[in-house]
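> Got a predicted structure plus its sequence, pasted below:
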Amino acid sequence: MRHAGAVTQPPPLVIPSTRKTIGKIARWTLYISGALAVAFGALVWPGNVREVGNVHGLAGWFVVASLWTLAAVAARSGVARSSVWLAVGSGLVTALTASAQHQLAPGTWITALHVAAGVGSIVLGQRLLARMPRAIRAKSKGECAQIAIKDAAAEFLARKRIAVTGVSRHPTQHGSNVVYRRLRERGYEVFAINPTATEVEGDRCYPDLKSIPGGVDAVVIATRADRAMATMSECAELGIEHVWMHRSVGAGSVSEDAAAWGRQRGMHVIAGGCPLMFDPAADAGHKMMRSLLTLTGKVPRRVMPPVRTREDL
């Protein structure tokens, strides 16, 4: 419990060692190759391509490579995407104009553009370096307040009585039916919700959550997203604290508004992914899907905790 008047210290700035090493190498490569590129670029301008052009070109490619490396590190560190893509674009212009120089006579406008892009790349690289510490600290603060998806899933799947909404009366490969069958197979007390059916998957079906004898500990929402808010409202009314909004390849059942609404009322909401992607309900296929869909954002890496606890309400 946090005491009144207590001061929360900001989390220490921690940069992963591998990222730190790569960033340091890229930084000094950018500085050294940038200095060489500018120096030899001045010699290329009068037309000394044969003598110094190769050195100038090599230094320029090192500038581009180190800038793009810094951009990748900056993106991982949480630097704004606009700054990252601006640096990537500057490196691309530098590379393209470097190639074009060999097709045109030195001292033309393309050489001037190349030099300007090269200088811009060095400046933008320095800008990324300056913004990284602040971005890392901000990202660290935000992630400290969140819960890793694996831990949130483990907490959800520790509940033994789970309702699944949207289960179809016709056995299909619909996501809700698949979730229902798997949880039943893994020993959970699972309850199907469908207001238009009395029986699904060979089991009794319930029209709503309040009709389930003895209630449930958690709910998987597998209906359309526009129906999620109604289910969240019913969960809040019944005191159900754990809700998972199902989403795999398609749009799924995720409603960010409904998720935020639930968290404001002390509920633990997982918005995205599928319970079958995590042990003890997982299988190899769902685990592979989890890896792929995490890259696309369909499965969140971290989950926002409840804004308020039940004690606050």
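In hand now; what should we look at?

> what's the neighbour count on residue 250?
A count of nearby residues for residue 250, using other C-beta atoms under 10 Å, gives 8. C-beta coordinates here come from the backbone N, C-alpha and C atoms, glycine included.

> Surely it is within a helix?
No. Residue 250: not assigned to a helix; according to DSSP: H, G, I helix; E, B strand; the rest coil it is coil.

> so who does it touch?
Residues counted as contacts of residue 250 (C-beta atoms under 8 Å, 6 or more residues apart in numbering): none.

> quick one: it from residue 231, how far?
Using C-beta to C-beta, to the nearest Å, residue 250 is found at 18 Å from residue 231.

> cool, residue 179 as well?
15 Å.

> Settle it for me: which of those two has more neighbours?
Using other C-beta under 10 Å as the criterion, residue 179 and residue 231 rank with residue 231 on top: 27 against 23.

> Could you tell me which residues make contact with the more buried one?
Applying C-beta under 8 Å, 6+ apart, the residues near residue 231 are 165, 209, 219, 221, 223, 243, 258.

> Report pLDDT for the third one.
Looking back up the chat, that one is residue 219. We have a pLDDT of 96 for residue 219.

> In terms of helices and strands, where is residue 118?
helix 109-144 (DSSP states H and E).

> what ranges of this structure fall below the confidence cut-off?
1-20, 23, 37-57, 98-108, 111, 114, 134-145, 173, 308-313 (pLDDT under 70).

> could you pull out the strands for it?
147-148, 161-165, 189-193, 199-200, 203-206, 218-221, 242-245, 268-271, 302-303 (DSSP state E).

> Does anything pack onto the third one? Which helices or strands?
Translated: strand 189-193. Applying 3 or more C-beta pairs under 8 Å, 6 or more residues apart in numbering; DSSP states H and E, we find strand 189-193 packed against strand 161-165, helix 175-185, strand 203-206.

> can we see that at 10 Å?
Helices and strands touching strand 189-193, by 3 or more C-beta pairs under 10 Å, 6 or more residues apart in numbering; DSSP states H and E, are strand 161-165, helix 175-185, strand 199-200, strand 203-206, strand 218-221.

> Having no further points to raise, I will conclude here.
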